[in-house]
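J.: Take this sequence and fold it.
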Amino acid sequence: MQHSHSLRLALFAACLFSLALPAFADRLGDVGITPITIANGETHHGYREYRILVENHSGKSGHKVTLIYPERSYAGGNSISRLSRTVELGPNSSAVVPLWQPPLPINGNGQLRVLIDDDDAGTVNIPDPAQHFVGGRMGRRGYMYSYAGAPMTPTSILVSRSLNFDELSHLFNSRAGTADYSAQMATGPADSMGRGGAVPTAWMPATSVPGPHWLELDYSQPEVANSVRVYSTMPLPPGTQIFLKGASGTNLFQTNLPPVRTRRSGAHNFSFPVTSEPVKTVRLEFSGTSYGNISVDAVELVGPSKSLWASSARASSEATGAYGSPAGPGGITRSLLRAELPMAEWSDSWLSYSAYDAVALNASDLKALSPAALNAIWGYLECGGNLVVFGASSVPEPWHSFPKTAIGNSECASVGFGRCIAFPEDNISALSEEDAKPMINAVDLTARYWQSLPEEETANQAFPVIENYQVPVRGTIFIMLLFVIAIGPVNLIVLSRMNRRTWLLWTIPAISLLTCLSVFAYSYLREGVTPDTRIAGVTVLDQANHRAASVGYTAFYCPLTPSQGLFFGADTEATPLVNGWDYRSGTEREIDWSQGQHLGRGWVSARVPAHFELRKAETRRERLEVENQAGHLTVLNGLGATIQSLWLADNQSHIYTANNVPAGQKITLTPTSIVLKKKDRLGARAMLDGCGPQADLADGTPFLQPNTYVAILDANPFLENGLGPKAKSARTKTHGVVYGTLDSPVTP
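T.: Numbering: from 1, shown residues only. So this is what the prediction gives:
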């Protein structure tokens, strides 16, 4: 008995000890590794964050920890084969280590390799790997194609935990009437054209909801009925129940399907006596059925004199975006991703939000954000994102002074290239379609931007870094022809006349060597070994807050593959303009985040142009100083490059111009007779849409607003050259357009 009692005490102590250990943490020697889930769901552009908590439990020794993901990669065309980062941890210290995945798929085994002090310590499983740039049949630029073959632009929205996820999904999808698998797909006549299985034009419940499921349909003109015809793309589950409700809300009829599953899809007719009053609502209930067995295309209400189709619908849940197909050709899939972290733990890097077309919060969430996280969301907005705030009578404090417009019952502020939309109503279900539609259109427009980027085959035409990068076929063939003539007939004839045929043993290798040197010299004289670089972009410069957001292109043409790869800052998003869909062709790529962003192996190949779309948010001190001297406006160029053309609007919307202003120089502006009208004040986002990231702008006047300017520069100080010191200024073409907001009103 005493031995048994001691055993129970030991087991109890062991249980208490196990409960004291961190949940889901892996201990590798002195170091604990804990992967942190941020959000689950698919994203299709930007950078997706992996977050790892690294803890050094040693009280005496510091450790250098290197994280490598995936531990093992598989060949798969244009993809990421290695994400890595190295951190130094002192004794009894910890660090949250982010790894960002650029918009290329990761083909690996889902394991994280950990090195401690350069020694292999083991692997850790990533329980919820980010679903970034993956899934379905991928088209060029990595976007999925619809069932009808038309390309679509997926939209991804990050939702805070405080918002009602189902109501927001209903707001973005069902009310918009364009979402795949939504309840709205069951309204109107049957339109799935006899197709079976998971069809986007039919309603299906959400993949994350186990059941029971239900679908409720309303008819705008209630009629008496004697049958209901259900059109489905899958056999109706056994035990399905059908309820009919009258205009007064009374239950008129109820029927149950047999407990045996029907063996066919298509139309299922259910007859009953003529109802005592007009039918307003039909409800289908599917008890205990998994989501993959239900797909309703339409429900027809049949009466003695005519039949009706449903005008509106609602459901227990919707599989919107789950199967990767839009509602029809050109349709849009809107996927909502629930944030798994509390607001206090949201990221302080804008890159962590770059994969989303919108971020949805309520007013109290903003107060719970750390100052660094709020600053990161500010940068995300400036680079073209959307922030939707519910329960706020106005846009948050940082953006009160920004240009605002009223959209229905909401207020919209333009922040850089993006928008902040504030709804005073915190009850999402109470928002009308009229209020929601402008917000949805703004988010969809942001998603469509990514599909407008050049494809790999046309990138050098849209943004040429070198005029002709084709193999010099004619010159090479000419050299080879001379080689054949010299090594054959000429060599034999000359040696025969000299009676020195045995010299063939050394003349043939000599002529071959001379030909190789000629080919090398021809290539060197034609291109050299110095890389060509081109950089162009559009920058919104907020002089009052010392902030800059840039969107642009950069391209490289390297006669020799750069051994060190490319280097960008940790606040730069670099999207490679390559096809991400064909696993049979392409290059695996590596990226290290230890010191900034190092794009290592695979990003640039010899004699192949490499193009990137860049976005960047940062703190900058460049500015345009404007003064009124004796009734004349003067500007001091503090933008860091020569201004080729300048358009400036004062506080009264009068336009001034200037040309050829060197950096650091002051010049008097030339007044014009142009006065901006309210409808002409298009703003920064319209300028980006008009001239594109390549900054091809001829006239900046239409985009000006009071106290703003547009400057065309002969260089671009806001976007770095990824080649670093290897880039030669003589072989680098740079160009930039700045949309600046002045820090104080300008009076004529």
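
J.: all contacts plus neighbour counts: C-alpha atoms, from now on.
T.: OK.

J.: and the nearest residue to residue 202 once chain neighbours are set aside, what element?
T.: Residue nearest to residue 202 in three dimensions, not counting chain neighbours: residue 297, with 4.1 Å by Cα to Cα, 6 or more residues apart in numbering. Secondary-structure element containing residue 297, defined by DSSP states H and E: strand 296-302.

J.: And that strand, what does it pack against?
T.: strand 227-232, strand 307-309 (3 or more Cα pairs under 8 Å, 6 or more residues apart in numbering; DSSP states H and E).

J.: tell me what the shortest one is packed against?
T.: So the one you mean is strand 307-309. When contacts are defined as 3+ Cα pairs under 8 Å, 6+ apart, strand 307-309 packs onto strand 296-302.

J.: Now the strand it packs on - C-alpha only, CSV.
T.: Only the C-alpha atoms of strand 296-302 are listed here, as CSV (Å, rounded to 0.1, in the frame of the first residue of the first chain):
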residue,chain,number,x,y,z
VAL,A,296,-28.2,23.6,-53.8
ASP,A,297,-28.5,25.4,-57.1
ALA,A,298,-32.0,26.8,-56.9
VAL,A,299,-35.4,26.2,-55.2
GLU,A,300,-38.5,26.6,-57.3
LEU,A,301,-41.9,27.3,-55.6
VAL,A,302,-44.6,25.8,-57.8
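
J.: low pLDDT regions in the stretch 551-700 of the chain?
T.: Applying pLDDT under 70 to the stretch 551-700 of the chain flags residues 580-584, 679-680.

J.: again, 90 this time
T.: By pLDDT under 90, the weakly predicted segments of the stretch 551-700 of the chain are 558-563, 579-587, 606-607, 628-632, 674, 676-683, 686, 689-692, 695-696, 698-699.

J.: Strands along that one, start to end?
T.: Applying DSSP state E, counting those that start in this stretch to the stretch 551-700 of the chain gives strands spanning 566-568, 572-576, 588-592, 597-599, 610-619, 623-629, 632-638, 643-649, 654-661, 666-668, 670-675.

J.: among those strands, which is nearest residue 214?
T.: In terms of Cα to Cα, the element of the strands of the stretch 551-700 of the chain nearest to residue 214 is strand 572-576, at 42.3 Å.

J.: ranges for the strands of the stretch 51-200 of the chain?
T.: So, for the stretch 51-200 of the chain - with DSSP E, counting those that start in this stretch - the strands run 63-69, 79-89, 93-101, 111-116, 119-125, 131-132, 155-159.

J.: closest to residue 645 out of these?
T.: Across these, residue 645 has its closest neighbour in strand 155-159 (37.1 Å, Cα to Cα).

J.: List the buried residues for stretch 210-223?
T.: Residues of stretch 210-223 classed as buried by neighbour count (16 or more other Cα atoms under 10 Å): 211, 213, 214, 215, 216, 217, 218, 219, 222, 223.

J.: check contacts around the residue lying closest to residue 628 once chain neighbours are set aside.
T.: Excluding the flanking residues, the one nearest residue 628 by Cα to Cα, 6+ apart is residue 634, at 6.4 Å. With contact set as Cα atoms under 8 Å, 6 or more residues apart in numbering, residue 634 has these partners: 626, 627, 628, 666, 667, 668, 669.

J.: For residue 538, the count of nearby residues, please.
T.: Applying other Cα atoms under 10 Å, we find 31 residues neighbouring residue 538.

J.: Just the element for it, please.
T.: Assessed by DSSP H and E, residue 538 sits inside strand 532-542.

J.: quick one: average pLDDT of that strand?
T.: Averaged across strand 532-542, the pLDDT comes to 96.

J.: which strands and helices sit next to it?
T.: In terms of contacts (3+ Cα pairs under 8 Å, 6+ apart), strand 532-542 is packed against strand 547-557, strand 732-741.

J.: Need the winner for burial among the ones you listed.
T.: Across the helices and strands packed on strand 532-542, the average number of neighbours (mean count of other Cα atoms under 10 Å) peaks for strand 547-557, which reaches a mean of 26.

J.: sorry, back to before: just to check, the residue nearest to residue 202 is in contact with residue 235?
T.: No: here residue 297 does not reach residue 235: they are 11.8 Å apart, not a contact under Cα atoms under 8 Å.

J.: more crowded one of the two?
T.: Shown here are residue 297 and residue 235; by other Cα under 10 Å, residue 297 has more neighbours (30 against 21).

J.: show me what contacts that one?
T.: Neighbour list for residue 297: 185-187, 190-192, 201-203, 230-233 [criterion: Cα under 8 Å, 6+ apart].

J.: Dump those to TSV, plus neighbour count.
T.: Converted to TSV, the contacts of residue 297 look like this (neighbours: other Cα atoms under 10 Å):
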residue	neighbour count
185	28
186	32
187	27
190	22
191	15
192	19
201	30
202	27
203	32
230	22
231	26
232	28
233	26
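
J.: ok, the nearest residue to residue 641 once chain neighbours are set aside - contacts?
T.: Once flanking residues are discounted, residue 641 sits nearest to residue 663: 5.0 Å by Cα to Cα, 6+ apart. Residues counted as contacts of residue 663 (Cα under 8 Å, 6+ apart) are 637, 638, 639, 640, 641, 642, 643.
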